[in-house]
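# got a sequence here, can you build the structure:
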Amino acid sequence: KPTDDLTGYKLYRHFSIADNPGHNSYMATLITGINSVDNVFFLISGVEGIEPQTLQHMKCFQTTDCRQLCILISKVDLIPTKIKLNEIKSKVFDFLDESELSDDIDPPCIPVCAQTKTNIDYIIDYLMAAPYPRALEVSIKQPLIMPIIRSFDINIPGVDQKKLVGATIGGALIQGFIVPGDVLCLYPGIVRKINDRYVCIPLHTQALEMRSDTSSNNLQCAVPGGFIGIKTTLDPGLSKANGLVGQVVVKMRDNVNSSELIKIVTQITMSYNVMTNVVEQQFIIGEYYVLSFHCATNRARLIRKTTSELTFEFMSGPVAIIQNEKIVVMTSPIGGIELLCHGQITSSMLSDSVTIMKQPDLAEFLANLPIRSEYDSIEIVNDLEEPPIKMEELMDKLYQFEEISTNINFQRTTFAVDYPSVETQKTTNSISVVN
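Coordinates of the predicted model:
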């Protein structure tokens, strides 16, 4: 519990927390939010227990590459007895068995309460023991790829024109790095439909400032792991109402290497794995589906189907895809989203009706950059510090559900006494005798 006086405290690591919605109506939001995470806390209410959307949420997790999963049973202060808690735990483990998780995923189950801070220390220990994301030493040497998760205009209404600042974009780096002064390219950029043709103009901008939280400290360098916000030279009007979400950011000097990683396409073909309880007959040629990849959703029509692949045509025009990225297919029946399948993009195509143009003022923009970048490459000089807590030792403790449940104060304790047909119920205020 650090205060303004940080004497005696040491900063070990930063975390970005993506609080994904639990209601079934927001399933599409959940899918776009989970694509960027390295660790997952799967929250199950100790009061409501396993609900219909709980299975859908676990399906979402199974579509990712994430292998760090921890189950939290929340609101344990509202669970009346330890017997009830054990019943909930049994249902949770039955649910995990039905979910058919990969063999390398064996999540612990921690009963917690935010109000009383019960077992919150175990959550902190779990985070501190978590491995570093995405092989950091290797990924910073690769060309930059960052999908935009959010975009916004930070200008106050009515601000003087001379004080206007550029659009802010937010996301998490998949690979590469960004330093202030880097020239960035956004794909597919501005997309316009003129008569029966689409025109794409990839956008170029410069990273002016970067932050990872609300503090006034600007980042000198951004690497994979955690969300960042980047102040750019883009027209702030483009970023209003998350107008740039789904764009993919690369670095201009990486363009030679990035051209094969990022493509502007109108059709994609994907391999697919059908979700549990989904039948093949739900994939109908000519029907419309919702496709989710790199933190964005796009409506598409199924135009071809085989036993191993599906081909979709995007209805909103050309989009940017990342080579070999994962993709989730879902439909929107009455009552909420239903996940149908997930897979990987195997091939793509750009329609002849699409023209890709260069930004008209690109030469002038590059000649008048506000700041200059000083770094062409970075490296980790010192070894990454080992986590202060060993994951193997912690997991041995977390698997002991009975032991970590001993500090829970239940609403009442039921116990038997030596008189036949008599049961006493002990509460915090009194003891009542039943029968």
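# C-alpha only now, for contacts and for neighbours.
OK.
# buried set for stretch 115-125?
Using 16 or more other CA atoms under 10 Å as the burial criterion, the residues of stretch 115-125 that qualify are T118, N119, Y122, D125.
# equivalent analysis for stretch 90-104, please.
For stretch 90-104, a neighbour-count test (16+ other CA under 10 Å) marks V92, L96, L101 as buried.
# OK, contacts around V250?
By CA atoms under 8 Å, 6 or more residues apart in numbering, the contact list for V250 reads P143, L144, I145, M146, L184, C185, L186, S258.
# can I get the buried residues of stretch 90-104 in TSV with distance to L173?
Formatted as TSV, these follow (distance: CA to CA, whole Å):
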residue	distance to L173
V92	34
L96	31
L101	27
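# let's have these in TSV, adding secondary structure.
TSV is the format used below for the buried residues of stretch 90-104 (DSSP: H, G, I helix; E, B strand; the rest coil):
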residue	secondary structure
V92	helix
L96	helix
L101	coil
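# can you lay out those as TSV showing pLDDT and distance to E393?
As requested, the buried residues of stretch 90-104 are exported to TSV (pLDDT from 0 to 100; distance: CA to CA, whole Å):
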residue	pLDDT	distance to E393
V92	89	23
L96	86	23
L101	80	23
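# between these, which is closest to F152?
Proximity of the buried residues of stretch 90-104 to F152 was ranked by CA to CA; the top entry is L101 with 37.3 Å.
# give me the low-pLDDT residue ranges for this protein?
For the chain, the stretches with pLDDT under 70 are 1-4, 22-36, 133-134, 214-216, 254-259, 276-281, 332-336, 374, 382-384, 411-435.
# swap in 50 and give it another go.
Low-confidence segments of the chain, defined by pLDDT under 50: 256, 422, 427-428.
# rewinding a little: out of the buried residues of stretch 90-104, flag the one nearest to C60.
L101 (11.8 Å).
# count of neighbours near the spatially closest residue to the closest one that is not a sequence neighbour?
In space, and not counting its chain neighbours, L101 is closest to Q62: 7.3 Å by CA to CA, 6 or more residues apart in numbering. Residues lying near Q62 (other CA atoms under 10 Å) number 17.
# also S45?
Residues lying near S45 (other CA under 10 Å) number 17.
# just checking, it touches S74?
Yes: taking CA atoms under 8 Å as the contact criterion, S45 and S74 are neighbours in contact, 4.9 Å apart.
# helices along this protein, start to end?
Along the chain, counting by DSSP state H, helices occupy 27-34, 52-62, 82-99, 120-129, 136-139, 255-258, 362-367, 391-398, 401-404.
# a markdown table for those helices, including distance to Q344?
Written out in a markdown table, the entries for the helices of the chain read as follows (distance: least, CA to CA, whole Å):
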| stretch | distance to Q344 |
| --- | --- |
| helix 27-34 | 15 |
| helix 52-62 | 13 |
| helix 82-99 | 21 |
| helix 120-129 | 29 |
| helix 136-139 | 21 |
| helix 255-258 | 19 |
| helix 362-367 | 34 |
| helix 391-398 | 31 |
| helix 401-404 | 37 |
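# could you say which of the ones you listed is packed most deeply?
Highest mean neighbour count of the helices of the chain: helix 27-34, a mean of 21 (counted as mean count of other CA atoms under 10 Å).
# state the distance from S90 to F401.
Applying CA to CA, to the nearest Å, the value for S90 to F401 is 11 Å.
# repeat for P80
Taking CA to CA, one finds P80 at 18 Å from F401.
# do the same with A135
A135 sits 32 Å away from F401, going by CA to CA.
# same check on P108?
8 Å.
# same question for P318.
P318 is 50 Å from F401, where distance means CA to CA.
# same question, E100
Using CA to CA, E100 is found at 21 Å from F401.
# same question for D97.
17 Å.
# before we move on, what about D125?
From D125 across to F401, the span is 16 Å (CA to CA).
# likewise for I169?
With CA to CA as the criterion, I169 and F401 are 42 Å apart.
# next: V354.
In this view, V354 and F401 are 58 Å apart by CA to CA.
# who touches L398 in this structure?
Counting by CA under 8 Å, 6+ apart, L398 touches P108, C109, I110, Y122, I404.
# mind redoing it with 6 Å?
L398 makes contact with P108 under the criterion CA atoms under 6 Å, 6 or more residues apart in numbering.
# now the strands for the stretch 51-200 of the chain?
With strands called from DSSP state E, counting those that start in this stretch, the stretch 51-200 of the chain shows them at 68-74, 109-111, 146-152, 168-171, 183-194, 197-206.
# strands along the stretch 301-435 of the chain, start to end?
Under DSSP E, counting those that start in this stretch, the stretch 301-435 of the chain gives strands at 309-314, 319-322, 326-331, 338-349, 354-356, 413-416, 423-426, 431-434.
# can you list these in JSON lines and add distance to M252?
Below are the strands of the stretch 301-435 of the chain laid out as JSON lines (distance: least, CA to CA, whole Å):
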{"stretch": "strand 309-314", "distance to M252": "27"}
{"stretch": "strand 319-322", "distance to M252": "16"}
{"stretch": "strand 326-331", "distance to M252": "25"}
{"stretch": "strand 338-349", "distance to M252": "23"}
{"stretch": "strand 354-356", "distance to M252": "17"}
{"stretch": "strand 413-416", "distance to M252": "65"}
{"stretch": "strand 423-426", "distance to M252": "69"}
{"stretch": "strand 431-434", "distance to M252": "73"}
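# make TSV out of those strands and add mean neighbour count and distance to A130.
Output for those, formatted as TSV (neighbours: other CA atoms under 10 Å; distance: least, CA to CA, whole Å):
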stretch	mean neighbour count	distance to A130
strand 309-314	21	36
strand 319-322	22	27
strand 326-331	21	23
strand 338-349	20	26
strand 354-356	16	43
strand 413-416	12	36
strand 423-426	15	40
strand 431-434	10	45
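# so for P180, which of the ones you listed sits nearest?
Distance to P180, taken as CA to CA, is lowest for strand 319-322 among these, at 24.1 Å.
# what sits up against that closest one?
Y187, P188, L261, I262, K263, I264, V265.
# not counting sequence-adjacent ones, nearest residue to the third one?
Take L261 and drop its neighbours on the chain: the residue closest to it by CA to CA, 6+ apart is Q323, 4.9 Å away.
# mind checking how far the one you found is from T266?
Q323 is 14 Å from T266, by CA to CA.
# same question, E287
17 Å.
# OK, contacts around the nearest residue to L369 once chain neighbours are set aside?
The shortest distance from L369 to any non-neighbouring residue, by CA to CA, 6+ apart, is to Q206 (7.6 Å). Residues counted as contacts of Q206 (CA under 6 Å, 6+ apart) are G181, D182, V183, L184, T232, T233.
# what's the neighbour count on the fourth one?
The burial count assigned to L184 is 22, neighbours taken as other CA under 10 Å.
# one more: the third one?
Residues contacting V183 under the criterion other CA under 10 Å number 24.
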